[in-house]
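> Sharing a model that was predicted from the sequence below.
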Amino acid sequence: MNLNVNQKIAVIIPCYRVKAFVLDVIKKIGAEVDFIIAVDDKCPENSGEFIQKSCDDKRLSVIFHDENKGVGGAVISGYNAALELGATIFVKIDGDGQMDPKIMPSIIAPILSGLADYTKGNRFHSFYNVREMPKFRLFGNACLSFLTKISSGYWSLFDPTNGYTAIHRAALEKIELQNVSERYFFETDMLIKLGDSRAVIMDVPMEAIYGDEESNLKISNIFRQFITGNIKASIRRIIYSYYMRDFNIASAELFLGLCFTIFGFLYGSVNWVLSIVNNEVASTGTVMLATLPILLGVQMLLAFLNYDVGNEPKVPLQKFYTHNE
């Protein structure tokens, strides 16, 4: 890969119960990387000390947390450290061996070429890889992908919880890292915050590796967090994007579409109940007065959705960024 001499790449590895895999991950990281930052997130296996004693890579530094902050908290600590080191591109990779460091050039290529500000892996690009994925994980990821499309505005993206990511400094500096979720909602929240900043994001096809690693993810603990987080973010994004930062034809379509649809349903429901109570057949005018607003409202909501799908950011933030060392 031909790298810009001004680009410095940092790899952040959150470490929690990955002692058996993390050294192999570090060994596979290529020479194109300038900094490797391992973050011991109060790991019960003391992975930070283990890495320091067992790895002599000169690019490596280890950060220790006094308390467990979650995967997001660990990555944020790594981002801040890499910012201090002067890194331009920040790659996040897990330490459990599920993400192959050898495909890192593909992950960062769209950023290096100026096509994107943020890239992430997508394990759904091939039918074979989907077949290999555990069925429960496949179903859950598909549901979360749809929710994240609405909450972030990135309709072309899939696999939102994929943790193999890379981000350009121009986009990272636009994000208030202290306001990003530190737990399992981190990857999704990053997409939401990047959407607020109008950063360009691209999916990169990748294969997932499922081995003997033990997942720290408990579905029952995060289900409510993902649902409520995405709903709140969706409402906030629409209000901010279409009624505060801008007001356009889609703003009017959404407002009128909701008004017509809600009126039609309420008016139709009330008259339907009255017709049953009074044992009378609703008049043609009453039926039309309920049906037409619903039809008009649904058409306007579809028009708004079509506009929103085509409203993804297209110009990378890094096009306007100058990094002064």
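In hand now; what should we look at?
> wait, is Gly95 part of a helix?
No - assigned with DSSP: H, G, I helix; E, B strand; the rest coil, Gly95 falls outside any helix and is coil.
> Compute the number of surrounding residues for Leu295.
When neighbours are defined as other CB atoms under 10 Å, Leu295 has 12 of them. Just so you know, the C-beta spots here come from the backbone N, C-alpha and C atoms, and that holds for glycine as well.
> Revised request: answer the last question for Val91.
Using other CB under 10 Å, Val91 is surrounded by 27 other residues.
> what about it, is that helix, strand or coil?
Classification of Val91 using three-state DSSP returns strand.
> for Gly30, same thing?
Quick answer, by three-state DSSP: Gly30 is coil.
> ok, the nearest residue to it once chain neighbours are set aside - how many residues close by?
Nearest residue to Gly30, sequence neighbours excluded (CB to CB, 6 or more residues apart in numbering): Met104, at 6.4 Å. Number of residues near Met104 (other CB under 10 Å) recorded here: 22.
> Would you mind measuring from Met104 to Ala199?
To Ala199, Met104 is 20 Å away according to CB to CB, to the nearest Å.
> The strand or helix carrying Val273 - what's its average pLDDT?
Counting by DSSP states H and E, the element that carries Val273 is helix 249-277. The predicted model assigns helix 249-277 a mean pLDDT of 94.
> and the nearest residue to Ser275 once chain neighbours are set aside, what does it touch?
Of all residues not flanking Ser275 in the chain, Ala282 sits nearest, at 4.8 Å (CB to CB, 6+ apart). Residues near Ala282 by CB atoms under 8 Å, 6 or more residues apart in numbering: Asn271, Trp272, Ser275.
> for these, which one is nearest Phe90?
Trp272 (56.9 Å; CB to CB).
> how near is that closest one to Gly70?
Going from Trp272 to Gly70 by CB to CB gives 49 Å.
> Could you list the low-pLDDT ranges of the stretch 51-200 of the chain?
Scanning the stretch 51-200 of the chain for pLDDT under 70 picks out 128-130, 132, 134.
> how about the helices in it?
70-85, 104-112, 127-132, 135-152, 169-172, 186-196 (DSSP state H, counting those that start in this stretch).
> Any chance of JSON lines for those helices, columns distance to Ile93?
Converted to JSON lines, those look like this (distance: least, CB to CB, whole Å):
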{"stretch": "helix 70-85", "distance to Ile93": "10"}
{"stretch": "helix 104-112", "distance to Ile93": "7"}
{"stretch": "helix 127-132", "distance to Ile93": "18"}
{"stretch": "helix 135-152", "distance to Ile93": "19"}
{"stretch": "helix 169-172", "distance to Ile93": "16"}
{"stretch": "helix 186-196", "distance to Ile93": "13"}
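> closest to Val315 out of these?
helix 169-172 (11.6 Å).
> how about the helices of the stretch 51-200 of the chain, which one is nearest Leu305?
helix 135-152 (9.6 Å).
> quick one: contacts of the closest one?
For helix 135-152, contacts defined as CB under 8 Å, 6+ apart pick out 124, 130, 133, 154-155, 157-161, 188, 191-192, 194-195, 219, 226-227, 229-231, 233-234, 237.
> Buried residues of it, list them for me.
The neighbour-count check on helix 135-152 (16 or more other CB atoms under 10 Å) flags Arg137, Gly140, Asn141, Leu144, Ser145, Leu147, Thr148, Lys149, Ile150, Ser151, Ser152 as buried.
> ditto for stretch 115-126
With burial defined by 16+ other CB under 10 Å, the residues of stretch 115-126 counted as buried are Ala116, Asp117, Tyr118, Thr119, Lys120, Gly121, Asn122, Arg123, Phe124, His125.
> List the contacts of the second one.
When you say that, I think you mean Asp117. So Asp117 contacts Ile111, Ile167, His168, Ala170, Ala171, Leu194, Ala199, Val200, Ile201, Pro316, Leu317, Gln318 (CB under 8 Å, 6+ apart).
> How about the last one?
Residues in contact with His125, defined by CB under 8 Å, 6+ apart, are Asp203, Pro205, Met206.
> Repeat that for the fourth one.
With contact taken as CB under 8 Å, 6+ apart, Thr119 is in contact with Ile107, Ile108, Pro110, Ile111, Thr165, Ala166, Ile167, Ile201, Met202, Asp203, Val204.
> try 10 Å this time
Contacts for Thr119 (CB atoms under 10 Å, 6 or more residues apart in numbering) come out as 89, 91, 106-111, 164-168, 200-204.
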